[in-house]
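**Q** Sequence first, predicted coordinates after that:
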Amino acid sequence: MRNWLAQALKDDNPAARGRRSDYDLNAEPGRLAEQAKPPRDAAVLVPIVDHGSGPTILLTKRTEHLSKHAGQVSFPGGKIDESDADAVAAALREADEEVGLGANHIDVCGFLDTYRTGTGFEIVPVVGLVQPGFELRLQVTEVEAAFEVPLDFILDRRNHKRQSAVWQGIRREYYAMPFGDFFIWGATAAMLVNLVDVMEHAADSAPTVRSEAIG
């Protein structure tokens, strides 16, 4: 699966990817963009766990007491520190700190499109193939739970909902993917849609390879 993912993502340089944002689904993206803060660099790990029974996506739910994004479902990740060599280093460090997922279990395959949030982050999503056998260790001050979603669920477009809410006086739309007791939405859901776009595009070019990769 690793080779197929790397081919699907095509480039190991995040600057070569496209750009997406919280504003993409909205009729007046300019009005929303005007209210955004200057971006801060961040990175997340998009962990695809390569189970023999079928791959999954590892996600976290943040604790309810946090000042930002409390209770939300997210990828392991955070801002890029000065001590981080690059976005990959930041994503791997955050995954280790937040859920105890060590870099020795992760094979970095490439990047999704850079994602700009309305809260002022410019996020590099680092896609990593994770080998089973790891034991998670949650950072309880930040992470309430970690869970896995079957990749087949993410690939099914019927699970991609579009919802809306009023934010800073403007109604905006966002992606949502309800999964059991968890509500995946916003930037995390949008990055998962990006992953599906990438995988579907690659499947059009090599459907047999893709079938073998996720089967």
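**A** All right, it came through fine. Numbering: from 1, shown residues only.
**Q** Going by C-alpha atoms from here, please, whenever you check contacts or count neighbours.
**A** Fine.
**Q** most distant residue from the middle of the chain?
**A** The C-alpha centroid of the chain is most remote from G169, which lies 27.1 Å away (CA atoms, centre = their mean).
**Q** distance between the lengthiest helix in the chain and the chain's centre?
**A** Ordering each helix of the chain by length in residues (DSSP state H) puts helix 186-205 first. Taking the mean of its C-alpha atoms, helix 186-205 sits 10 Å from the chain's own mean (CA atoms, centre = their mean, to the nearest Å).
**Q** tell me which residues of it are tucked away?
**A** Across helix 186-205, burial judged by 16 or more other CA atoms under 10 Å covers 186-196, 198-200, 202-203.
**Q** Run through who's touching that helix.
**A** Residues from elsewhere that reach helix 186-205 (CA atoms under 8 Å, 6 or more residues apart in numbering): 7-9, 21-22, 73-75, 112-113, 115, 117, 125, 154-155, 160, 174-177, 209-210.
**Q** try 7 Å this time
**A** Outside helix 186-205, the residues that touch it by CA atoms under 7 Å, 6 or more residues apart in numbering are 8-9, 22, 74-75, 112, 117, 155, 174-177, 210.
**Q** next one: stretch 97-106
**A** Outside stretch 97-106, the residues that reach it (CA under 7 Å, 6+ apart) are 76, 92, 95-96, 128-131, 134, 136-139, 143.
**Q** okay, and for this protein, where does confidence drop off?
**A** 10-16, 27-37, 64-70, 168, 205-215 (pLDDT under 70).
**Q** Do a quick rundown of the strands in it.
**A** Counting by DSSP state E, the chain has strands at residues 19-21, 40-49, 56-62, 73-74, 77-79, 106-111, 114-116, 121-130, 143-150, 161-167, 170-179, 182-185.
**Q** and of the contacts of helix 186-205, the nearest to I57?
**A** Ranked by distance to I57 (CA to CA), those are led by F75 at 9.2 Å.
**Q** In space, what's closest to that closest one - neighbours in sequence excluded?
**A** Excluding the flanking residues, the one nearest F75 by CA to CA, 6 or more residues apart in numbering is L59, at 5.2 Å.
**Q** show me the contacts for that neighbour.
**A** V73, S74, F75, A146, F147, E148.
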